[in-house]
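Colleague: Take this sequence and fold it.
(one chain, ligands or ions: 1)
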Amino acid sequence: MNISEIFENLDYGKAPEDAKLAYSWIKENGNFGHFIDGKFSKASNIFASINPATGEELAKISDGKKQDVNRAVKAARLAFTGWSATSGFERAKYLYAIARQIQKNARLFAVLETLDNGKVIRESRDVDIPLVIRHFYHHAGWAQNLKNQFSNHTPYGVCGQIIPWNFPLLMLSWKVAPALAAGNTVVLKPAEATSLSALLFAQICQNVGLPKGVVNIVTGHGATGAAIVEHDDVDKIAFTGSTKVGKIIREKLAGTGKGLSLELGGKSAFIVFEDADIDGAVEGVIDAIYFNQGEVCCAGSRLLLQESIEKKFIKKLKARMDKLRLGDPLDKMSDIGAMIDEKEVARVNDIIADGVKNGASLFQAKGTLPKKGCFIKPTLFSDVSPSDEIVQKEIFGPVLVSMSFRNPEEALALATNSIYGLAASVWSENLNLALDIVPRLKTGVVWVNCATQFDASVGFGGYKESGFGREGGAEGMRAYLKRDWEKKLKPIAIKVKKSPSKTNLVSGVDKTAKMFIGGKQARGDGGYCVDVFDANGNVAGQVSDGNRKDIRNAVEAANKASTWADKTAHLRSQILYYLGENLDYRKGEFAEKIRLLTGANKAQAKKEVETSIERLFAFAGFADKYDGKVHNPPMRAIAFALNEPIGTIGICAPDENPLLASISMMAAAVAMGNRIVLVPSKIAPLLMSDFYQVIETSDVPNGVINIVTGDSLTLGKVLSEHDGVDALWFAGSQDEAKIIERVSTGNLKQTWVTRGQNYNWFDGEKMGGEFLLEKATQVKNVWVPYGV
Ligand code: NAD
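Modeller: Numbering: from 1, shown residues only. Predicted coordinates for the structure are as follows:
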């Protein structure tokens, strides 16, 4: 290009970044082995790491086998005792030193990332690496403040961490920094396509003198990841990747009691109202979908435009897309780099071709693709309908679909019509409108008048099939810690009640206790009953034997009551107090029933009822206090974290302390705005079927609390399979927990299973506060920039 051409089209010349340093680092290190117990092993079972922009082989990487994973886990286990006992200040110094070292080598890291992944240098230099550094600095602070911020918490132990290729070092930092700050040791597997920055990071760990075995890096493919997941001596798995693999991992860990956090796929909505700053929103959408070639879990890949501005917006967007510079990722002037590999290019191009075949209108930015390398032009589809595959499926490439809406309700209906719930972006100059939309979006992150913002102090993670668990912020730290009392729980000795060999027929008028669905007493669909025995094995009464249809009805009723979440916390609190008050009126009667059904003595039965009332008061008190936080990310923005209800929670209560346990679980869930379907304990369902009379007199809106009696494993399984249930709490044995968690993968519901452990329901400090409230909520982080 000559100078007169530059004047003509105001284009830039090339400004390539020097890659010499990165190449010489690769050359010096030759073939890469694993980083285990503080040393690099000899390379074995090698495969190539390819530069996707040129097709050149960059390095040879080892494909980790089971024995490599075993060695790494062993090293991490050995290191755990020392590392977890190291003072917070000492751990902070290591994290600080890592941050400093990455900062000093920022250029090498950025170039290496660009070579290995294909992302443009402008992004690896200005986004990925600065965020990595910030992450380690931020978590140095957590390490030191852990004891006062998370008293009575303890690290999990050995954490297995598996990450994808789209932000290789950034995903590593999101996993390693909080794990180390909390006192865990780690075995991390980078994605097979992008291991180099993790291996350079391993050298940083050596350079700062991190004790051996604290960080172990085993490279390899999916099978290496699977070996980490399946290893018996790993205490927690943190996974970022596709929803498909996330579900496989959920299933494998069912019933094991290992910690699990899943950061999965997305199909995020980018909503633009007619009063938005249009030029700002166009820049926003470019950033949301074409940043990192669209290989971003939270990419704003569904553009929703208010009808009145649709034409104008699309015209501006197309003009802007035409200006994007696609090509050499090392050129500082490039906006769009290479996709990760040829397979991904072919997969995304197939989706584009299908979109065209199915009648969507295609627009691709001007310009020609480089002759070699894995490139796809920025792509925009319009004339699509909400159920089209390109609208529903995560494409994970530079492909945007655009639809229009008439009013906020329609925008919300389109935005929430997705199995995913990772992020959303809302654009309007009317902050009232934007903030009205925010809580109604079922996503873990919402950006108001901005897009794709991240910071170590602000949690990130999804709702629905985008996974569970958070990274960043206090909630991200909590994901690497367990309560020390919970770690020490022992299996419960289950008392089996005497039961007669054959059913006693109950004579006279039928007094089968009804179920409670949608605010009404309901007979079981199947018409069958089960006997309930007293402590001496005599029939004390009968309850309906609920079935699949009853659960479906109860879930439907619960989902209809979703406005419970919009009620004020004050009102929810008042209703729980009212429940407590009304139970208090009948406490003698309930205590008698506890005696009869469980064989508890008078004092024990009295204590259980009184503690149940106290528990209702405790959660009533929390309803308007367990709220969020405001963060200060390093930009002119506030980011606020909201504790939101999860939705409909299925609860299968334990046999022990049947009234107290049911009420504790119910009250925690309902206090935070959830609706519940409760399956009361096998031993004493009559207690809870009496409790609905208390509910009926306490102003609880219909459908908020539903009670279905019957076999808890059968009904728990139906609840776990049901896509209308968002979370499941199941009290039962380890074997039952395995069954329940296995079938929960359908919509990736959040589960809490007691695995036959001896939870002390009488302990108000443990079971009457944050422990259950955390399970009843998920954190949404909302970014709102300010300034003019
Ligand atoms: P992937 O699921 O194919 O692979 C992710 C990682 O899992 C890789 O390291 C891979 O080797 C490993 N793996 C594959 N099979 C495994 C198995 N059976 N057991 C254990 N590990 C296994 O995903 P990908 O294609 O590398 O990454 C793209 C996906 O990651 C997208 O769906 C994207 O949305 C998601 N992602 C999510 C986030 C988030 O924070 N939510 C962030 C980045 C990427």
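Colleague: Remind me which helix or strand the closest residue to the ligand within the stretch 101-250 of the chain belongs to.
Modeller: When scored by Cβ to the nearest ligand atom, the stretch 101-250 of the chain has G225 as its residue closest to the ligand, at 2.3 Å. C-beta here means a position set from N, CA and C on the backbone, and glycine is covered the same way. Element membership for G225, per DSSP states H and E: helix 222-230.
Colleague: Let's see that helix as PDB, backbone CA atoms only.
Modeller: Written as PDB, here are the backbone C-alpha positions of helix 222-230 (Å, rounded to 0.1, in the frame of the first residue of the first chain):
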ATOM      1  CA  GLY A 222      -9.900 -35.600  26.400                       C
ATOM      2  CA  ALA A 223      -8.800 -39.000  27.700                       C
ATOM      3  CA  THR A 224      -6.200 -37.300  30.000                       C
ATOM      4  CA  GLY A 225      -9.000 -35.000  31.300                       C
ATOM      5  CA  ALA A 226     -11.200 -38.100  31.900                       C
ATOM      6  CA  ALA A 227      -8.400 -39.700  33.900                       C
ATOM      7  CA  ILE A 228      -8.300 -36.700  36.200                       C
ATOM      8  CA  VAL A 229     -12.100 -36.800  36.600                       C
ATOM      9  CA  GLU A 230     -12.100 -40.500  37.400                       C
END
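Colleague: mind listing what the helix or strand following it pairs with, with the direction of each?
Modeller: Sequence-wise, the next helix or strand downstream of helix 222-230 (DSSP H and E) is strand 236-240. Here strand 236-240 is paired, per DSSP bridges, with strand 158-162 (parallel), strand 259-263 (parallel).
Colleague: what bits of this structure have low per-residue confidence?
Modeller: In the predicted model, the chain carries pLDDT under 70 at residues 1, 10, 494-511.
Colleague: how about the residues of it near the ligand?
Modeller: 162-166, 189, 191-192, 221-222, 225-226, 229, 240-242, 245, 248-249, 263-266, 297, 394, 396, 422, 462 (Cβ under 6 Å from any ligand atom).
Colleague: coming back round to it: check which residues of the helix holding G225 are buried.
Modeller: Going by neighbour count (16 or more other Cβ atoms under 10 Å), the buried part of helix 222-230 is 224-230.
Colleague: angle of it against strand 236-240?
Modeller: 150 degrees (axes from the mean of the first three to the mean of the last three Cα atoms, to 10 degrees).
Colleague: Deepest-packed of the strands paired with strand 236-240, please.
Modeller: Ranked by mean neighbour count under mean count of other Cβ atoms under 10 Å, these are led by strand 158-162, which reaches a mean of 28.
Colleague: I'd like the strands paired with strand 236-240 written out as a markdown table, with distance to E56 added.
Modeller: Listed next are those as a markdown table, based on distance: least, Cβ to Cβ, whole Å:
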| stretch | distance to E56 |
| --- | --- |
| strand 158-162 | 27 |
| strand 259-263 | 31 |
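Colleague: just to revisit the earlier point, make a markdown table out of the buried residues of helix 222-230 and add distance to Y578.
Modeller: Output for the buried residues of helix 222-230, formatted as a markdown table (distance: Cβ to Cβ, whole Å):
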| residue | distance to Y578 |
| --- | --- |
| T224 | 55 |
| G225 | 51 |
| A226 | 51 |
| A227 | 54 |
| I228 | 50 |
| V229 | 46 |
| E230 | 49 |
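Colleague: What's the separation between the spatially most central residue of the chain and T243?
Modeller: The centroid of the chain falls nearest to F468 when counting by Cα atoms, centre = their mean (2.1 Å). For F468, the distance to T243 equals 12 Å [Cβ to Cβ, to the nearest Å].
Colleague: Are there residues contacting both of those two? Which ones?
Modeller: Residues touching both F468 and T243 by Cβ atoms under 8 Å, 6 or more residues apart in numbering: L748.
Colleague: which stretches of the stretch 1-150 of the chain form helices?
Modeller: 3-9, 20-29, 66-85, 88-104, 106-117, 121-123, 129-149 (DSSP state H, counting those that start in this stretch).
Colleague: Just name the most buried of those.
Modeller: By mean count of other Cβ under 10 Å, those have helix 106-117 as the most buried, with a mean of 25.
Colleague: Against which helices or strands is it packed?
Modeller: helix 20-29, helix 121-123, helix 129-149, helix 168-182, helix 196-207 (3 or more Cβ pairs under 8 Å, 6 or more residues apart in numbering; DSSP states H and E).
Colleague: how about these, which one is nearest F313?
Modeller: Closest to F313 of those is helix 121-123 (Cβ to Cβ; 24.7 Å).
Colleague: Report the contact partners of V272.
Modeller: 278, 281, 285, 303-306, 309, 313, 427-428.
Colleague: Out of the residues you listed, which is nearest to Q757?
Modeller: L304 (45.5 Å).
Colleague: what about that closest one, distance to A365?
Modeller: 21 Å.
Colleague: Distance of A641 relative to K587?
Modeller: 39 Å.
Colleague: same check, this time on N747
Modeller: 39 Å.
Colleague: now do R755
Modeller: Counting by Cβ to Cβ, the gap from R755 to K587 is 32 Å.
Colleague: again with I517
Modeller: I517 is 26 Å from K587, by Cβ to Cβ.
Colleague: Which of those two has more residues huddled nearby?
Modeller: I517 (26 against 16; other Cβ atoms under 10 Å).
Colleague: isn't that one right next to R552, touching?
Modeller: No - look at I517 against R552 with Cβ atoms under 8 Å: they stay out of range, at 10.1 Å.
Colleague: quick one: contacts for H135?
Modeller: 170, 173-174, 177, 456, 472.
Colleague: I551 - that's part of a strand, no?
Modeller: No - going by DSSP: H, G, I helix; E, B strand; the rest coil, the assignment for I551 is helix, not a strand.
Colleague: any idea how far the spatially closest residue to it that is not a sequence neighbour is from V391?
Modeller: Nearest residue to I551, sequence neighbours excluded (Cβ to Cβ, 6 or more residues apart in numbering): V718, at 4.5 Å. Note on V718: its distance to V391, by Cβ to Cβ, is 31 Å.
Colleague: Same question for G524.
Modeller: Taken as Cβ to Cβ, the span from G524 to V391 is 41 Å.
Colleague: related to what we said a few turns ago, just checking, what packs against the strand or helix carrying the residue nearest to I551?
Modeller: Assigned by DSSP H and E, V718 belongs to helix 712-721. On a contact count with 3+ Cβ pairs under 8 Å, 6+ apart, helix 712-721 meets helix 548-560, strand 648-652, strand 675-679, strand 727-730, helix 734-742.
Colleague: And those: which comes nearest P491?
Modeller: That would be helix 734-742 among those, by Cβ to Cβ, at 8.1 Å.
Colleague: For the closest residue to V282 other than its chain neighbours, what are phi and psi?
Modeller: Spatially, and ignoring its direct neighbours in sequence, V282 is nearest to K316 (4.9 Å; Cβ to Cβ, 6+ apart). In terms of degrees, to the nearest 10, the main-chain angles of K316 are phi -70, psi -40.
Colleague: Check whether K316 really touches G284, as I assumed.
Modeller: No - contact criterion Cβ under 8 Å: K316 and G284 do not qualify, at 11.9 Å.
Colleague: Give me the more crowded residue out of these two.
Modeller: Higher neighbour count among K316 and G284: G284, with 22 against 17, using other Cβ under 10 Å.
Colleague: list the contacts for the closest residue in space to the more buried one that isn't next to it in sequence?
Modeller: Closest residue to G284 apart from its sequence neighbours, by Cβ to Cβ, 6+ apart: A451 at 4.5 Å. Shown in contact with A451 (Cβ under 8 Å, 6+ apart): 270, 284-285, 287-288, 300, 425.
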